[in-house]
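In: task: produce atomic coordinates for the following.
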Amino acid sequence: MSNSTTHHDDLRLKDVILKLISIKQLLLQKKLKIIVFSVIFGLLGSFYAYFKKETYEAHLTFVIDESQESGGLGALSGMASQFGFNLGGASSGTFSQTNIQEIITSRRVVEEALLKRGIIDGKEDLLINHHIAFNGLRKKWKGTNIENLYFTPNREEFTLQHDSIIGLAFFNLTNGNISTSIEDESNIIKISCVSKNEDFAKLMIESLAHKLEEYYTIFQTAKSKNTLDFLSLRADSVLLELKNAEYRYASYKDANFGVQRAKGLLEEIRLKRDVEILNIMYGEIVKNLEISKFTLLNNKPLLNIIDSPTLPLKVNKLSIVLAFILFSILGSIMYSFILIIKQIINDEMS
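Out: Below is the predicted model of the structure:
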C-alpha cells in the first residue's frame, strides 16, 4: 500500500513538472506576441498618464484636547452650585478620536464647509460654486433647467435642485477626495483633501477644520452659555428690584424724617432689610456671572492645529515613463496568464 502511494505521488510530481515545462515552452514560443502585447499596453498606459490631469494634496493635522471638561474649575463650580447654578462644561466625549473622523466627513459638516467663501483664480465665491466651475459642470448642464443654478450662503433659499447638487458634491468629495487618519500611538488627527484645483484643496480642508471647531464650540459651551444667559437676565432683574427697593427706602426716610414712631421704625427696618437682601443676591449673581464667563472662555478651543496646508501643495502626477513600464509589465502578465489558461483548457479537452 505504501509503495502504491509513493508511486502515485511520483506520478503527480512528474505531471506537475511536465506541465511547468510545457508552460515554459509555450511562453517562449509566444514571446514575440507577449512583447508586442506588453508594448501596446505600455503605450496605452503612457497615453493615460499624459491625458490624466494632475491632482493636488492638502493636509491639515491637529490634536484634540480630550480633557476639556469643567476641570480646573471644580472649586468655582462647587461654589456656584451652592446657589443652584450649573456652570456647564460638557464632556468632550462626543469629539473623541473614534467619532471625530465621522464628524469631519459627515454630510452636514462637508456641505456647510462648501458654503464658505474663498478666493480661487482671483475670484471670491462659495466653494461649492468654485467646485462646479472648475469641474466644468455648467457646460454639462447646458440646455437643462439647472444651467444657471447658483448657490448662496442662505440654505433657506435652496431648491430641490440645490439640495441634489450639493448632495452629489458631498458624495464625490467623501468618496476619494476627503479622508481622515489618526497617527499611530498619538492623538494627532490628519485631514487630507485631493483635488484637481490647488486652491480648492487648501481652502476646503481649512473650511472643514473651521466647521469642526465651530460645532465643538456650540456643543462644548452649550450649558455654560445657557447658564450665562440665565445669569445675565437674572442680574438685570435683581438690579431693577434693588433700585426700586432703594428708592422706596429713601422715599420713606424722607417722608418720615424726624418722626420717631414705633410703627414707622418697623416699616423702615423692613424696607432696609429688603435692600440688604437684594444687595446680597445681586452680589452673588454678579460673582457667578463672572465665573460663568470664565467657564465659557475656558472651554475654547477643542482643536489645536499643528500643521496647516501651505502653497504650493504636493502634486500627484503619474510619469509617462513609469506608466509605460508599469502597464507593460501588467500587459505581459495578463497576456501570459491568458495563454496559460487556454493551454490548460486545451490539454483538459484533448
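In: can you show me the strands along this structure?
Out: Taking DSSP state E as the test, the strands found in the chain are 55-64, 117-120, 123-126, 178-182, 188-195, 303-307, 314-316.
In: so residue 335 makes contact with residue 37?
Out: Yes - judged on CB atoms under 8 Å, residue 335 makes contact with residue 37 at a distance of 4.3 Å. All C-beta spots, glycine's among them, are computed from the backbone N, C-alpha and C.
In: quick one: the helices in the stretch 101-250 of the chain?
Out: 107-114, 127-134, 137-140, 160-174, 198-220, 222-255 (DSSP state H, counting those that start in this stretch).
In: I'd like the average pLDDT over the second one.
Out: Think helix 127-134. For helix 127-134, mean pLDDT is 91.
In: from the contact counts, what lies against that helix?
Out: Counting contacts by 3 or more CB pairs under 8 Å, 6 or more residues apart in numbering; DSSP states H and E, helix 127-134 packs against helix 107-114, strand 117-120, helix 160-174, helix 198-220.
In: please enumerate the helices of the stretch 251-350 of the chain.
Out: Under DSSP H, counting those that start in this stretch, the stretch 251-350 of the chain gives helices at 262-298, 320-349.
In: dump those to CSV, plus mean pLDDT.
Out: Conversion of the helices of the stretch 251-350 of the chain to CSV gives the following (pLDDT from 0 to 100):
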stretch, mean pLDDT
helix 262-298, 77
helix 320-349, 81
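In: save those as JSON lines, and put in mean neighbour count and distance to residue 58 too.
Out: Formatted as JSON lines, the helices of the stretch 251-350 of the chain follow (neighbours: other CB atoms under 10 Å; distance: least, CB to CB, whole Å):
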{"stretch": "helix 262-298", "mean neighbour count": "15", "distance to residue 58": "31"}
{"stretch": "helix 320-349", "mean neighbour count": "14", "distance to residue 58": "24"}
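In: sorry, back to before: nearest to residue 230, of the strands of the chain?
Out: strand 303-307 (28.1 Å; CB to CB).
In: packing partners of that closest one?
Out: strand 55-64, helix 198-220.
In: angle of it against strand 55-64?
Out: The directions of strand 303-307 and strand 55-64 differ by 140 degrees, with axes from the mean of the first three to the mean of the last three CA atoms, to 10 degrees as the criterion.
In: other residues contacting strand 303-307?
Out: 59, 60, 61, 62, 63, 64, 65, 188, 209, 212, 213, 216 (CB atoms under 8 Å, 6 or more residues apart in numbering).
In: okay, now the sheet partners of that strand, with direction.
Out: strand 55-64 (antiparallel) (DSSP bridges).
In: what does the partner strand contact?
Out: 92, 95-97, 100, 183, 187-198, 201-202, 204-206, 208-209, 302-309, 313-317.
In: reformat the contacts of strand 303-307 as JSON lines; add distance to residue 226.
Out: Shown next, in JSON lines, are these (distance: CB to CB, whole Å):
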{"residue": "59", "distance to residue 226": "37"}
{"residue": "60", "distance to residue 226": "32"}
{"residue": "61", "distance to residue 226": "33"}
{"residue": "62", "distance to residue 226": "28"}
{"residue": "63", "distance to residue 226": "28"}
{"residue": "64", "distance to residue 226": "24"}
{"residue": "65", "distance to residue 226": "22"}
{"residue": "188", "distance to residue 226": "33"}
{"residue": "209", "distance to residue 226": "26"}
{"residue": "212", "distance to residue 226": "22"}
{"residue": "213", "distance to residue 226": "20"}
{"residue": "216", "distance to residue 226": "17"}
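In: list buried residues within those residues.
Out: 59, 60, 61, 62, 63, 64, 188, 209, 212, 213, 216 (16 or more other CB atoms under 10 Å).
In: of those residues, closest to residue 233?
Out: The nearest member of the buried ones among the contacts of strand 303-307 to residue 233, counting by CB to CB, is residue 216 at 26.0 Å.
In: can you pull the pLDDT of the closest one?
Out: At residue 216, the pLDDT recorded in the model is 75.
In: ok, residue 204 next?
Out: Per-residue pLDDT puts residue 204 at 93.
In: find the nearest non-adjacent residue to it, please.
Out: residue 193 (5.1 Å; CB to CB, 6 or more residues apart in numbering).
In: distance check, the one you found against residue 309.
Out: Applying CB to CB, to the nearest Å, the value for residue 193 to residue 309 is 8 Å.
In: many thanks, I have nothing further to ask.
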